[in-house]
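Undergrad: Need a 3D model of the sequence below.
(chains A and B)
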Amino acid sequence: AQSVTQPDIHITVSEGASLELRCNYSYGATPYLFWYVQSPGQGLQLLLKYFSGDTLVQGIKGFEAEFKRSQSSFNLRKPSVHWSDAAEYFCAVVAWDDKIIFGKGTRLHILP
Amino acid sequence: DGGITQSPKYLFRKEGQNVTLSCEQNLNHDAMYWYRQDPGQGLRLIYYSQIVNDFQKGDIAEGYSVSREKKESFPLTVTSAQKNPTAFYLCASKQGYYNEQFFGPGTRLTVL
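TA: Sure thing, here's the model as predicted:
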């Protein structure tokens, strides 16, 4: 069955430090992958998506993600985090029936 | 501006009452979705509709009902049969196959 795993429930980084959020997926064919961000009490906003082509994709707010087929991973990165990046981040994959499977999320905390 | 609206933002219900959550989109998307979000659980699919007058159960449909009489509207009714309805509810829409979903701001339902 298709699945998405985000191994880290919480991550804390200092403002200005680099960030990497991990995502592993299980899917037989070429996956269509997303990263979403959710601020408390809000809906989800799309950060970036991977459908095909270049394995390093750029998104909004200075985020990028790299698709690695050999590792079944789609990790999200940012070179320097800002206090406003504190939120919950969800990785997702499109399933064979066109539904979207979400990971359980990683909550990012920023230290001043 | 195109987008998805959900109302109300906060909703309180007494046990034994049915309540309807509104979701409207002006993106001209064919497909619409309802998710339930609980802390640490990610997003769980309740119902989805890929076309007007048609909808399918998701993973946790028991105790919920929907209708899709118009393309832009997909209301969710939380019935008294739902044993633990207190949660954050998110509506989403998308257009086309293997595309991202767009989310509304959510409704927080509390059962008193």
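Undergrad: element containing the residue most central in space within chain B, please.
TA: Note on chain B: the residue nearest the mean C-alpha position is B:Trp34, at 3.0 Å, using Cα atoms, centre = their mean. Taking DSSP states H and E as the definition, B:Trp34 sits inside strand B:31-37.
Undergrad: Parallel or antiparallel, which strands does that strand pair with?
TA: strand B:43-51 (antiparallel), strand B:87-94 (antiparallel) (DSSP bridges).
Undergrad: In JSON lines, list those strands along with mean pLDDT and mean neighbour count.
TA: No exception for glycine: its C-beta is placed from N, CA and C like everyone else's. Converted to JSON lines, the strands paired with strand B:31-37 look like this (pLDDT from 0 to 100; neighbours: other Cβ atoms under 10 Å in any protein chain shown):
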{"stretch": "strand B:43-51", "mean pLDDT": "95", "mean neighbour count": "20"}
{"stretch": "strand B:87-94", "mean pLDDT": "97", "mean neighbour count": "24"}
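Undergrad: Quick check: next helix or strand after the helix-or-strand element of chain B with minimal mean pLDDT?
TA: Least confident helix or strand, chain B: strand B:10-13 with a mean of 93, by mean pLDDT, DSSP states H and E. Proceeding N to C from strand B:10-13, the next assigned helix or strand is strand B:19-25, under DSSP H and E.
Undergrad: C-alpha coordinates for that following strand, PDB please?
TA: Once non-C-alpha atoms are left out, strand B:19-25 reads as follows in PDB (Å, rounded to 0.1, in the frame of the first residue of the first chain):
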ATOM      1  CA  VAL B  19     -24.400  20.100  12.200                       C
ATOM      2  CA  THR B  20     -23.500  21.200   8.700                       C
ATOM      3  CA  LEU B  21     -20.100  22.600   7.700                       C
ATOM      4  CA  SER B  22     -20.000  24.800   4.500                       C
ATOM      5  CA  CYS B  23     -17.400  24.600   1.800                       C
ATOM      6  CA  GLU B  24     -17.500  26.800  -1.300                       C
ATOM      7  CA  GLN B  25     -15.000  27.200  -4.100                       C
END
